[in-house]
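# Would you be able to build a 3D model of this:
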Amino acid sequence: MKKIILIIVMALGISAVSLAQEDPDNGQRGNGSRIEALKIAYLTKKLNLSTDEAQKFWPIYNEYMGEIRKTRIDARQNKEGEIPTEEKLLNIRKKYNGEFGKALSSEKVNTFFKAEKEFGTVLQKELLERRMQKMDNRRPFRGN
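Numbers count the residues shown, from 1 in each chain. Here you go, the predicted model:
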């Protein structure tokens, strides 16, 4: 029970921090904070972290995400090509593979990177479904 409460408190703390951050593109809070909160919940479920693992993992995760965000923002601002940006992101993942290995077993580190990719796929699918629903709702009703 303590493990579950600690993980929830940590996830909420991380969510609160991300909610407080502003969107660098327009100075306002965007959907990014909600998506990040969903991602944290998804990762928490997939990784099934012990209390000790969670205490070590989440600070490393926050640093990792900070570097990922900064790289993406810099690439967008500098109109950098896709391949150089992906190379930078891969180098960050390689770096943090070792960092995460200090907090988690190699199996859980692999699970983390897989779950992170899965979350992106699940998110894209959900967004596509919502767009399709929105388009269907805009079509005029043609009843008999």
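
# What is the burial count for residue 96?
By the criterion of other Cβ atoms under 10 Å, residue 96 has 20 neighbours. From N, CA and C alone the C-beta is placed, and that goes for glycine too.

# Now it: which helix or strand?
Using DSSP states H and E, the element containing residue 96 is helix 82-101.

# And the residue lying closest to residue 74 once chain neighbours are set aside, which helix or strand is it part of?
Once flanking residues are discounted, residue 74 sits nearest to residue 80: 7.4 Å by Cβ to Cβ, 6 or more residues apart in numbering. For residue 80, there is no enclosing helix or strand under DSSP H and E.

# burial measure for residue 120, as a count.
Residue 120 has 11 nearby residues by other Cβ under 10 Å.

# ah, wrong one, I meant residue 94
Applying other Cβ under 10 Å, we find 9 residues neighbouring residue 94.

# try the one 5 residues further on
Residues near residue 99, counting by other Cβ under 10 Å, number 17.

# Can you name the residues that contact it?
60, 63, 64 (Cβ atoms under 8 Å, 6 or more residues apart in numbering).

# Buried residues of the helix holding residue 96, list them for me.
85, 88, 92, 96, 99, 100 (16 or more other Cβ atoms under 10 Å).

# need the next SSE after it, C-terminal direction.
Taking DSSP H and E, what comes next after helix 82-101 is helix 106-138.

# and which of the buried residues of helix 82-101 is nearest to residue 134?
The closest of these to residue 134 turns out to be residue 85 (Cβ to Cβ; 29.9 Å).

# per-residue confidence at that closest one?
Here the pLDDT value assigned to residue 85 is 95.

# Residue 35 too?
In the predicted model, residue 35 carries a pLDDT score of 89.
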